[in-house]
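In: sequence and computational prediction follow.
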Amino acid sequence: AWLLVVMILMMAAALVKSTASYSRVWFISWSLATFVYLNIYRLCLDLFLSYSRRQGWNQKGIVIFGAGELGQTVAKRLKEADWVGFKVLSFFDDHCSPSDKIEGISASHSDEMIDFLSSNDVKELWIALPFKEEERVKKLIFELRHISISIKFIPDIFGFRLLNQEVYEVAGIPVVQLNGTPMQGVNRFVKELEDWVLSFIIIILISPIMVIIAILIKLESKGPVFFKQIRNGWDGKEIKVYKFRSMSIDAEKDGFIQATKNDNRITKLGSFLRRTSLDELPQFFNVLQGRMSIVGPRPHVVSQNEAYKDQVDYYMQRHRVKPGITGWAQVNGLRGETDTLEKMSKRVEYDLYYIENWSFWFDMKIIILTIIKGFINKNAY
């Protein structure tokens, strides 16, 4: 909104040819001052509201219908996030008795709910019942038709592994997205711009190093400079990934075998390139082609994906974004050989965390950590 106002003022001044009547120093100073003021104002407001709600002020009293696992989860989360301003006054359920307590909150039978709503300052009723209780929900809404109260339905999605969950409307139909990609709309544009600009700059800077590595590879052994391998990319589609060749030409004559410690297929130069991650440099061309991203889950070969997709829960959800040259798993030391199911599961957990929490600043953090921690890793061989 701030940026829109600034742009409208500039356009209006240009259209009426009055830009010369105003000091540019004054206009820039005013624009920056209002930006700072708005941010400080919102920050102070948020801090004040959070503090007041933690003290028990400015809270909405709600009741939860459904004292099962879903209702208890809702109450627990609201209690932990006291700054959101919701206070659970009571539970109601068809199977509760007046003496029950859940999460330290009183629970009563559903027959007593209407009297409670009428005699207490209750702002909202939250229905926390499983999907199979559709008829009970309809009956409950009918029973409350004479009471003026906001009613919310809490879908039972806590048992799912959620990835960028979202609630929105399509053609008047409420839709709950359980599993999505963050790379949509503006986010996708920001990510594409980030990748294109950074990879272009990096390629210019590292081109002398890549030329030297290419010459050394040709001097050490016969064969191509680059190693091209089919891996799974965004949405699981197959992509061709580039690397500097670090193994003998016939390294994969018997199919893909992951590199291990003291692997005799690795050349002397290749060993150095792999330890220092210099063999990955050609993948910046993959980024320019749009096949990869600078930051994202590392792409695995097709055979690995087939082997692990039924062994590691939500393994294939790694492909909800483009694969990256570096990633959250890698900066946390999860690189190299995945010779146990535990190692791969841990890597996938970090990858899914990255996808669910993606932001431009998270990408910048990973890039900075990659530079600080260096490219050398004891597990890379």
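Out: Nice, I can see it.
In: for this structure, what spans make up the strands?
Out: 60-65, 86-93, 100-102, 105-109, 124-127, 150-153, 166-170, 173-177, 226-232, 238-244, 293-295, 324-326 (DSSP state E).
In: given the second one, what are its sheet partners and their directions?
Out: Paired with strand 86-93 in the same sheet, following DSSP bridges, are strand 60-65 (parallel), strand 105-109 (parallel).
In: which ones are touching D93?
Out: F65, G66, A67, G68, G71, A107, H109, S110 (Cβ atoms under 8 Å, 6 or more residues apart in numbering). Glycine gets a C-beta too; all of them are placed from N, C-alpha and C.
In: the last one contacts A67, correct?
Out: Looking back up the chat, that one is S110. No. In this structure S110 lies outside contact range of A67 using Cβ atoms under 8 Å: 9.9 Å.
In: those two: which has the busier surroundings?
Out: A67 (24 against 17; other Cβ atoms under 10 Å).
In: excluding chain neighbours, what is closest to that one?
Out: D93 (3.9 Å; Cβ to Cβ, 6 or more residues apart in numbering).
In: tell me the bridge partners for that neighbour.
Out: H109.
In: can you redo the contacts of D93 as CSV with pLDDT and distance to G270?
Out: What follows is these, written out as CSV (pLDDT from 0 to 100; distance: Cβ to Cβ, whole Å):
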residue, pLDDT, distance to G270
F65, 92, 64
G66, 88, 60
A67, 87, 62
G68, 86, 58
G71, 88, 58
A107, 87, 66
H109, 87, 72
S110, 87, 70
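In: quickly note the distance from the closest residue to L129 other than its chain neighbours to D46.
Out: In space, and not counting its chain neighbours, L129 is closest to G66: 4.5 Å by Cβ to Cβ, 6+ apart. G66 sits 31 Å away from D46, going by Cβ to Cβ, to the nearest Å.
In: between these two, which one's more packed in?
Out: G66 (25 against 11).
In: looking at the strands paired with strand 86-93, which one has the lowest mean pLDDT?
Out: Per-segment mean pLDDT for those reaches its minimum on strand 105-109, at a mean of 86.
In: what sits up against that one?
Out: Residues contacting strand 105-109 (Cβ under 8 Å, 6+ apart): 67, 75, 88-98, 100-101, 116.
In: in it, what counts as buried?
Out: Buried positions in strand 105-109, judged by neighbour count with 16 or more other Cβ atoms under 10 Å: I105, S106, A107, S108.
In: list just the nearest of these to S18.
Out: The closest of the buried residues of strand 105-109 to S18 turns out to be I105 (Cβ to Cβ; 62.5 Å).
In: gap between that closest one and F362?
Out: 36 Å.
In: so how far is stretch 305-319 off the chain centroid?
Out: 18 Å (Cα atoms, centre = their mean, to the nearest Å).
In: residue contacts, N58?
Out: Contacts for N58 (Cβ under 8 Å, 6+ apart) come out as L49, S52, G85.
In: redo the residues you listed as JSON lines? Include pLDDT.
Out: Shown next, in JSON lines, are the contacts of N58 (pLDDT from 0 to 100):
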{"residue": "L49", "pLDDT": "80"}
{"residue": "S52", "pLDDT": "78"}
{"residue": "G85", "pLDDT": "80"}
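In: redo these as a markdown table? Include neighbour count and distance to H146.
Out: Output for the contacts of N58, formatted as a markdown table (neighbours: other Cβ atoms under 10 Å; distance: Cβ to Cβ, whole Å):
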| residue | neighbour count | distance to H146 |
| --- | --- | --- |
| L49 | 15 | 33 |
| S52 | 14 | 34 |
| G85 | 16 | 27 |
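In: pick the most buried one from the strands of the chain.
Out: For the strands of the chain, the largest average neighbour count (mean count of other Cβ atoms under 10 Å) is found in strand 293-295, namely a mean of 26.
In: what are the pairing partners of that one, and which direction each?
Out: Here, using DSSP bridges, strand 293-295 pairs with strand 324-326 (parallel).
In: let's test this: mean pLDDT of the strand it pairs with, rounded?
Out: 92.
In: contact partners of that strand?
Out: 280, 283-284, 287, 292-298, 366-367, 370.
In: rerun that using 7 Å as the cut-off
Out: Strand 324-326 is contacted from outside by E280, Q283, M292, S293, I294, V295, G296, P297, R298, I366, T370, using Cβ atoms under 7 Å, 6 or more residues apart in numbering.
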